[in-house]
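> Please work out how this folds:
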Amino acid sequence: MRDPLPHLRPTDFPSLSRTRPQTLQVNLGRLCNQQCLHCHVAAGPNRPEVMNRTTLELVMATLERLPFQTLDLTGGAPELNPGFRDLVRQARRLGLRVLDRCNLTVLAEPGQEDLADFLAAQDCALIASLPCYLEIHVDAQRGHGVFAASLAGLRRLNALGYGVPGSGLVLDLVYNPQGPDLPPPQAILEEDYRRVLLAEHGLHFNRLLTLANLPVGRFGSLLLSKGQLQDYVARLRGAHRAENLPTVMCRELISVDWQGYLYDCDFNQMLGLPLAAGAGHAHLRDLAALILEGAPIAVAGHCYGCTAGQGSSCGGALTGMT
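Next comes the predicted model:
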């Protein structure tokens, strides 16, 4: 893959500083049962980068020692890490909210037949990728048969109560554009998702989160190969809204890679931009000694993807603009 970082720096993106960290977002590895065109992690079935047991135990110790409120698990497919369930159990014992960024199809992988039951028993909140409610678009982006497998996963989750009003089991869906475009207004698109998925498939969910494709990883490399990277960054920059800056996810999140190194966000992790608060390349074992509140955040041209239009973050749109 081609590295987009040299084309994203220097930048005139506004400087940012941290608030008190609330969320520890842990990338458990780049192994995935899918290989999506837009994936900023460039994950896939043949990726060997998987967090080992020693680093997993360091994550557990960090959660016990520091006052995080949320553990956000991502990948790849985080559930394919052999220590995934132990980490979830430990976080729940500590009273943390656990988010699992699930691709839905992993629920049918060999050895994962009881995964949905485990997630429900642990009261994990699910953030599930479904980049469209139409089969043709999902399969074009994620691979043949992924849409049907995703719907099967949603049916399994609904049967357990996920996304069903009053159950308390949270199931949010994630939309991202097919290419170098900004997402449509989140509230309007959520209505479309809800209408189509219920009418045509009898499926329920809680919220739709719209995420912009950032020019990072596999998507960034694709833009570079097509000569579209600079135009896309310029488009994001032109749609920048300063009112989104106070609520960007990196202000209260710490990102951890599969080796335990720290970053300001998952996108910076994939670009190799270390945590700006650290001296050099800070590791999870250094986290307790770092002064984070008020520390600067590493930025580059891709950051405009989080502030363009309605904004974009791991939690979806930042504003309610239509």
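
> For the lowest-mean-pLDDT helix or strand in the chain, enumerate the helices and strands it packs against.
Ranking every helix and strand in the chain by mean pLDDT, DSSP states H and E puts helix 135-142 at the bottom, with a mean of 85. Packing partners of helix 135-142 (3 or more CB pairs under 8 Å, 6 or more residues apart in numbering; DSSP states H and E): helix 146-160. No exception for glycine: its C-beta is placed from N, CA and C like everyone else's.

> Quick one: residues in contact with the helix it packs on.
Identification of contacts with helix 146-160 by CB atoms under 8 Å, 6 or more residues apart in numbering yields 34, 102-108, 116-117, 120, 126, 128-130, 134-135, 138-139, 163-164, 169, 171, 197, 201, 203-205.

> for stretch 239-249, same thing?
With contact meaning CB under 8 Å, 6+ apart, stretch 239-249 is reached by 14, 16, 23, 182, 265, 303-304, 306-309, 311, 313-315, 318-319, 321.

> can we see that at 10 Å?
Under the contact criterion CB atoms under 10 Å, 6 or more residues apart in numbering, stretch 239-249 has outside partners 12-16, 19, 23, 25, 72, 182, 212, 251, 255, 264-267, 297, 299, 303-315, 317-319, 321.

> Just the buried ones out of the residues you listed, please.
Neighbour counting with 16 or more other CB atoms under 10 Å marks 13, 16, 23, 25, 72, 182, 212, 251, 255, 264-267, 297, 299, 303-315, 317-318 as buried within these.

> Tell me which of those residues fall in helices.
Cross-referencing these against helices under DSSP state H gives 266-267, 304-307.

> okay, these in CSV with pLDDT next?
Shown next, in CSV, are those (pLDDT from 0 to 100):
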residue, pLDDT
266, 92
267, 93
304, 96
305, 93
306, 94
307, 95
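
> Could you export the residues you listed to a markdown table, including columns for distance to residue 227?
Shown next, in a markdown table, are these (distance: CB to CB, whole Å):
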| residue | distance to residue 227 |
| --- | --- |
| 266 | 26 |
| 267 | 22 |
| 304 | 19 |
| 305 | 19 |
| 306 | 24 |
| 307 | 25 |
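
> Quickly name whichever of those is closest to residue 230.
residue 304 (12.2 Å; CB to CB).

> for the nearest residue to the closest one once chain neighbours are set aside, what are its contacts?
Of all residues not flanking residue 304 in the chain, residue 236 sits nearest, at 3.8 Å (CB to CB, 6 or more residues apart in numbering). Residue 236 sits next to 13, 180, 182, 212-215, 301-309, 312 when contact means CB under 10 Å, 6+ apart.

> sorry, back to before: now a PyMOL select for only the buried ones of the contacts of helix 146-160.
Buried residues within those, by 16+ other CB under 10 Å, are selected in PyMOL with:
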select buried, resi 34+102+103+104+105+106+107+108+116+120+126+128+129+130+138+139+163+164+169+171+197+203+204+205
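
> from the contacts of helix 146-160, which ones fall inside helices?
Assigned to helices by DSSP H, the following of the contacts of helix 146-160 qualify: 116-117, 120, 135, 138-139, 197, 201.

> quick revisit: between the ones in helices among the buried ones among the contacts of stretch 239-249, which is nearest residue 91?
Relative to residue 91, and with distances defined as CB to CB, the nearest of these is residue 266, at 18.1 Å.

> Just list whatever residues bridge to the nearest residue to that closest one once chain neighbours are set aside.
Closest residue to residue 266 in three dimensions, ignoring its sequence neighbours and counting by CB to CB, 6+ apart: residue 255, at 5.1 Å. Beta-bridge partners for residue 255, by DSSP bridges, are residue 25, residue 263.

> Going forward, the N-terminal residue is numbered 47.
Yep, numbering from 47; the last one is residue 301 now.

> Go ahead and confirm residue 301 touches residue 310.
Yes - in terms of CB atoms under 10 Å, residue 301 counts as a neighbour of residue 310; the distance is 6.7 Å.
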